[in-house]
Each structure stands twice: as structure tokens, then as C-alpha cells.
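Visitor: Any chance you could fold what I've pasted below:
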Amino acid sequence: MTWGNPIYLSKLHNSISGEDSIVYIRHEYEVTKEYISGDTVVDFLRKHDEIFDNLTYYVIYNRALGEAEGEGKFRLSWLMVVLSMTVLLGAIVGAKKLYQSYDPPSFPEAENRQIGGWLILPTIGLCLSPLA
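Guide: Here you go, the predicted structure:
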């Protein structure tokens with residue numbers, strides 16, 4: 001982009017920086033005069049708008065370039081396999097032991113009555129709600 005008249009632009013500086021997944025792009029320019037006369041303001045603003053209209057960016061990201069050699073490929077972690085199997089085995093043994101040996105004392109005031117009447121409807125709803 002050419003300004004055509006050197007009195008407008010004395011210094012143009014572009015800087016690009018990044019932090020994590022954010023890219024910062026900054027454009028700075030300085031004019032050569034402290035003020036612009038009234039008859040050149042319209043031309044200056046038109047050229048200023050041309051600069052901002054021509055600022056277009058395309059960001060292209062290639063994962064293979066950002067990764068160190070071998071890091072992007074799947075690697076099986078044997079430590080996690082052993083830890084997962086240990087936790088799974090412990091959960092199975094604990095559940096089986098709890099199922100076979102847990103027998104709480106009965107509540108003496110409880111009556112062994114069947115669910116009947118309208119109470120069957122909420123019971124059916126509770127049983128079918130996990131399937132929905």
C-alpha cells in the first residue's frame with residue numbers, strides 16, 4: 001500500500017506476539033507533521049481507511065509443525081493400564097464382598113406390605129426414568 005504523499009507517513013511498525021492460543025497483532029504508524037491542514041484531512045482519512053480495509057489475516061495451523069518429534073503419535077502408558085486394572089479389580093472385589101456379606105439388621109417397626117394402589121405409578125416411573 002502506498003500513501004502517495006510522504007508527508008503523511010514517517011514510520012510504520014508491525015508487531016506480532018502470542019500467548020497460549022491467542023495471537024496479538026499490532027500496527028503503529030507516525031505522521032510527519034504535528035497537525036494536518038483542513039484541506040488535506042479528507043484525503044488523510046480516506047488513506048487511513050484504506051489501510052484498515054486492506055488489513056486481512058489468514059491463520060494456518062499445522063499440528064505436525066507444532067509438535068516435537070514423536071509427541072503427536074499415540075503412545076500406550078503402561079503405568080495407566082496397570083493403575084486402571086488395579087482400580088477396576090479392587091472395585092469388583094469390593095462390590096462382590098459387599099454384596100455377599102452386607103446384611104443390615106431389619107427394622108422392627110417395618111411392615112412387609114406390598115406396593116399397591118396409586119403408588120405403583122411413581123414406582124414404574126422411577127424404574128423407567130434411567131431408560132429415557
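
Visitor: Tell me the helix or strand right after the lowest-mean-pLDDT helix or strand in the chain.
Guide: When each helix and strand of the chain is scored by mean pLDDT, DSSP states H and E, helix 63-66 comes last, with a mean of 63. For helix 63-66, the following helix or strand on the C-terminal side (DSSP states H and E) is helix 78-101.

Visitor: What's the mean pLDDT across that next one?
Guide: In this model, helix 78-101 has a mean pLDDT of 96.

Visitor: what packs against it?
Guide: Applying 3 or more Cβ pairs under 8 Å, 6 or more residues apart in numbering; DSSP states H and E, we find helix 78-101 packed against no helix or strand. For glycine as for every other residue, the C-beta is placed from the backbone atoms N, C-alpha and C.

Visitor: Give the pairing partners of the host helix or strand of Glu28; include direction for each.
Guide: Assigned by DSSP H and E, Glu28 belongs to strand 22-30. Using DSSP bridges, the strands paired with strand 22-30 are strand 11-19 (antiparallel).

Visitor: Dump the partner strand to PDB, restricted to CA.
Guide: Extracted in PDB, the C-alpha atoms of strand 11-19 (Å, rounded to 0.1, in the frame of the first residue of the first chain):
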ATOM      1  CA  LYS A  11       7.200   5.300  10.400                       C
ATOM      2  CA  LEU A  12       5.200   2.100  10.000                       C
ATOM      3  CA  HIS A  13       5.700  -0.700  12.600                       C
ATOM      4  CA  ASN A  14       4.000  -4.100  12.800                       C
ATOM      5  CA  SER A  15       4.400  -6.500  15.700                       C
ATOM      6  CA  ILE A  16       3.100 -10.000  16.200                       C
ATOM      7  CA  SER A  17       3.200 -11.800  19.600                       C
ATOM      8  CA  GLY A  18       1.400 -14.700  21.100                       C
ATOM      9  CA  GLU A  19       0.400 -16.100  24.500                       C
END
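
Visitor: Check what pLDDT the residue positioned nearest the centre of the chain gets.
Guide: Centroid check for the chain by Cα atoms, centre = their mean gives Ser21 as the closest residue, at 10.2 Å. Predicted confidence (pLDDT) for Ser21: 73.
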